[in-house]
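In: no sequence on this one, just coordinates:
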């Protein structure tokens, strides 16, 4: 324990480790006349940040969801066409029409919908990567 004679008063900022007066180096006021340090109310800032982040994430989620739905639709059409009946080799870039026959089985044809009596499903074009693209 230090001797009371060596002990500095409370209002004197003395660093025991460095043996220096370092009040000017502190990031806060050290005298009784210093302004009061009040914690800021950050609730509104946090709420605003949360709202903005949630909007941004929801927007991105909706964008990804829409892209996923489009990919699933492309997959379903491609699956339907590749499982359909056709007796020719489709040519890249040409338009083809998908119908259901009387038994409800899908088939691919070059005949236009106006000239055919079968149940019309849609018109498609074959890309060079062998993916069918809906053109309706």
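Out: Looks like it came in fine. These figures come from a predicted structure and were not determined experimentally.
In: State the distance from the most centrally placed residue in the chain to residue 104.
Out: Per C-alpha atoms, centre = their mean, the C-alpha nearest to the average position across the chain is that of residue 60, at 3.5 Å. For residue 60, the distance to residue 104 under the criterion C-beta to C-beta, to the nearest Å works out to 40 Å. Backbone N, C-alpha and C define where each C-beta goes, glycine included.
In: Check the gap between residue 26 and residue 38 for me.
Out: As for residue 26, its distance to residue 38 is 18 Å (criterion: C-beta to C-beta).
In: Between those two, which is the more surrounded one?
Out: In this comparison of residue 26 against residue 38, neighbours counted by other C-beta atoms under 10 Å, the higher total goes to residue 26 at 11 against 6.
In: name the element the residue lying closest to residue 112 once chain neighbours are set aside belongs to?
Out: Once flanking residues are discounted, residue 112 sits nearest to residue 97: 6.7 Å by C-beta to C-beta, 6 or more residues apart in numbering. Secondary-structure assignment from DSSP states H and E places residue 97 in strand 95-100.
In: Moving C-terminal from the helix-or-strand element of the chain with minimal mean pLDDT, which element do we reach first?
Out: Using mean pLDDT, DSSP states H and E, strand 14-15 stands out as the lowest-scoring helix or strand of the chain, at a mean of 76. Helices and strands here follow DSSP H and E; after strand 14-15, the next one along the chain is strand 20-21.
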